[in-house]
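Novice: All I have is the shape, not the residue letters:
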């Protein structure tokens, strides 16, 4: 038999077109998703991300309306513009999802996360850590003679920056909540 | 309460298999006569039968299974229904609420296992919520893009008494898919229709799911505009095969003319299809010069693989109605002159006669077997199911479908073992119709136990098995793509299908040469009861035309009729 002419860019043994995933720019978006507060809802939403290969950079979820039986999921995700659009469409069609808002494109928003840092050290390091904490408006919420726990609220960038500064000063553990976000203004 | 809810939903038939955790429901089923229970031989059979029932009637299929293995055995069918957008309601038993999580006998995390493959699922822990949840389940399964749902009911919830909520009082929540399309977008599409020089309607299963009215509107639209129509595997029958605008199926094993039309068109109107990879071929070469419109009820289908110029979210029936009205109101304009040239070009492509096959010298060519089946059953009240593989593609190519809901096949998931149970489900829904399962011997063996179901309920299904003693499609790919190394693709130690028919108590027919074929098919059709027809066909026949992996629509292989059937000389030619 004559060998098949298989075009470059396609897999020899697959019907699928293997495109370069880096062909387009990767964007980061913050989505606010209003869902029914029922068991299994979070698993369903997270399952969508893992099943379709979408990224989760951070995710927070809590009940926000007890009477209305609603939870709010804030998810920070990244992907090409086409993937972001798909994520929104896939979320919107889920039976448990009431609303999806892309805070990144719907205008300015406030984004905050809370983080706890455990820093161990003595002498100068201790003093430097306290000084930096003041600059970053982090509070000391626990203290021993050899350690502090700082509590800080801020944008993810601010939390990242503080963590970098604490690293040489004895940072041993970090706990972050992930981003909670609201659109600015009356709406 | 479960049975009452099913009655309220108008359910007439339930396919299922009993077990410890659903006995209370089976007890209720026993004590009434409104709902008929069909006892299958394996839970997978139940869900495929329900799929066949649903696809052939447009009503939701209902499945009743027990916990643990009962539920896991329907998972394949649930995924199948999800991929092909078939409305299915699965009711599964579960161990009592106080035993959940204790690794109880026949316990499985059914809602966990089925979460990613259902449109929605529920574990009902309070009896008071049971009826409402079941009503909600039917609502979700049947509205918007249809799909499978599952309600998991612990045994203590089945036993307990609670407040029954009637169907109209059950809240259906915020879940209200959009059915009306955006009028501005529809108007834009009308403007494109008016000027298009090389248009095509590319239709899919969405037209059939939308109901018979949608198929009617499609026919009217195609008739009035004179645009050519092609369809996906799932959409066959929405536009009649005898219609003058019909190009045949498109895609990997679609016709030469359909794929060339898709490649060369300047306006592609996708109606209820989803740009599946079997349709598009290589994406960056997919219909490079066309404007594309996409009508789909599921917003996430739009711009998923192919970016379109005019997206219209809505139900096909509603959108086509608005489209027709606007187009008529604007004076029924189309570019007749350009269309004439377009059709002339299409006729040239058609003249290639891509489905031609070499006449046989005695043994049966599978294409010929299907063609004779078509000739001898044409015009009958006929429903066709298939398994998955070469025979499925030949059936799609050589059978003509004049109406929607007459063609039941596993498209998206490609589930071998689908056809036999599906044929039983179809026959239960249409007891007097002719129901044929076009099968391959390997697929058929996967759920052959369901012949027992067919016998028990006197469902006279005809099992038309194209027996090549090979996993034909696997073998074909190995021949074309894997250097003819036929790894595990032959059917060793096959049963004697005629004796098997004897064992089941139905009729067995074997045919191994073309001279006897017509008589044998007539014998099958004349027999009042289930038939297993063992049609011994050419062993190395390949299914053509074919768009090989990663190729574009204009790079099809047409089988070389002179060398077909010989290993190592498939004569594949690129065109």
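Specialist: Ah, there it is. Every value quoted in this text rests on a predicted model; they were computed, and no experiment measured them.
Novice: is chain A contacted by stretch B:280-287?
Specialist: Yes. Stretch B:280-287 lies within reach of chain A by Cβ under 8 Å from any Cβ of the partner chain, at B:282, B:283, B:284. Every residue, glycine included, has its C-beta placed from N, CA and C.
Novice: If any of the residues you listed are buried, put those into a ChimeraX selection.
Specialist: Here is the ChimeraX command that picks out the buried ones among these, judged by 16 or more other Cβ atoms under 10 Å in any protein chain shown:
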select /B:282,283
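Novice: what about the closest residue to residue B:470 other than its chain neighbours, distance to chain A?
Specialist: The shortest distance from residue B:470 to any non-neighbouring residue, by Cβ to Cβ, 6 or more residues apart in numbering or on different chains, is to residue B:490 (5.3 Å). To chain A, residue B:490 is 19 Å away according to Cβ to the nearest Cβ, to the nearest Å.
Novice: Which member of the residues of stretch B:280-287 next to chain A is positioned nearest residue B:142?
Specialist: Nearest to residue B:142 among the residues of stretch B:280-287 next to chain A: residue B:283, at 32.7 Å, using Cβ to Cβ.
Novice: okay, the closest one: pLDDT?
Specialist: pLDDT recorded at residue B:283 is 87.
Novice: same check, this time on the one 5 residues further on
Specialist: Residue B:288 is assigned a predicted lDDT (pLDDT) of 93.
Novice: So it: helix, strand or coil?
Specialist: Classification of residue B:288 by DSSP: H, G, I helix; E, B strand; the rest coil places it in coil.
Novice: For residue 44, which residues are in contact?
Specialist: No chain was given, so I picked chain A. By Cβ atoms under 8 Å, 6 or more residues apart in numbering or on different chains, the contact list for residue A:44 reads A:94, A:96, B:115.
Novice: The intended chain is chain B.
Specialist: B:73, B:74, B:76, B:77, B:417, B:421, B:447.
Novice: ok, the fifth one to residue B:265 distance?
Specialist: Yep, that's residue B:417 we're talking about. Per Cβ to Cβ, to the nearest Å, residue B:417 is found 37 Å from residue B:265.
Novice: Out of the residues of stretch B:280-287 next to chain A, which sit inside helices?
Specialist: The members of the residues of stretch B:280-287 next to chain A all map outside helices under DSSP state H.
Novice: which intervals of chain A have sub-threshold pLDDT?
Specialist: A:1-23, A:187 (pLDDT under 70).
Novice: Give me the contacts around the longest strand along it.
Specialist: In chain A, taking DSSP state E as the definition, the longest strand is strand A:109-120. Identification of contacts with strand A:109-120 by Cβ under 8 Å, 6+ apart yields A:30, A:58, A:60, A:103, A:129, A:138, A:141, A:146-156, A:159, A:162-163, A:166, A:169-184.
Novice: Can you pick out the ones from these that are in helices?
Specialist: Of the positions in those, A:129, A:156, A:159, A:162, A:163, A:166 sit in helices, assigned by DSSP H.
Novice: of those, closest to residue B:541?
Specialist: Among those, residue A:156 lies closest to residue B:541 (Cβ to Cβ), at 60.7 Å.
Novice: Please name the residues that touch the closest one.
Specialist: Residue A:156 makes contact with A:58, A:76, A:111, A:113, A:179, according to Cβ under 8 Å, 6+ apart.
Novice: Looking at the residues you listed, which one is closest to chain B?
Specialist: residue A:76 (20.4 Å; Cβ to the nearest Cβ).
Novice: show me the contacts for that closest one.
Specialist: Applying Cβ under 8 Å, 6+ apart, the residues contacting residue A:76 are A:28, A:29, A:30, A:31, A:56, A:57, A:58, A:59, A:156, A:178, A:179.
Novice: Parallel or antiparallel, list what pairs with the helix or strand containing it.
Specialist: Using DSSP states H and E, residue A:76 sits within strand A:70-79. Note on strand A:70-79: by DSSP bridges, its sheet partners are strand A:27-36 (antiparallel), strand A:58-65 (antiparallel).
Novice: Using TSV, lay out the ones you listed together with mean neighbour count.
Specialist: Shown next, in TSV, are the strands paired with strand A:70-79 (neighbours: other Cβ atoms under 10 Å in any protein chain shown):
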stretch	mean neighbour count
strand A:27-36	19
strand A:58-65	14
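Novice: Tabulate those (TSV), appending distance to residue B:84.
Specialist: Output for those, formatted as TSV (distance: least, Cβ to Cβ, whole Å):
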stretch	distance to residue B:84
strand A:27-36	27
strand A:58-65	32
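Novice: thought residue B:386 was touching residue B:397?
Specialist: No. Counting by Cβ atoms under 8 Å, residue B:386 sits too far from residue B:397 to count as a contact (11.7 Å).
Novice: More neighbours: which of those two?
Specialist: More neighbours surround residue B:386 than the other of residue B:386 and residue B:397, with 29 against 20 (other Cβ atoms under 10 Å in any protein chain shown).
Novice: Distance of the more buried one relative to residue B:418?
Specialist: 8 Å.
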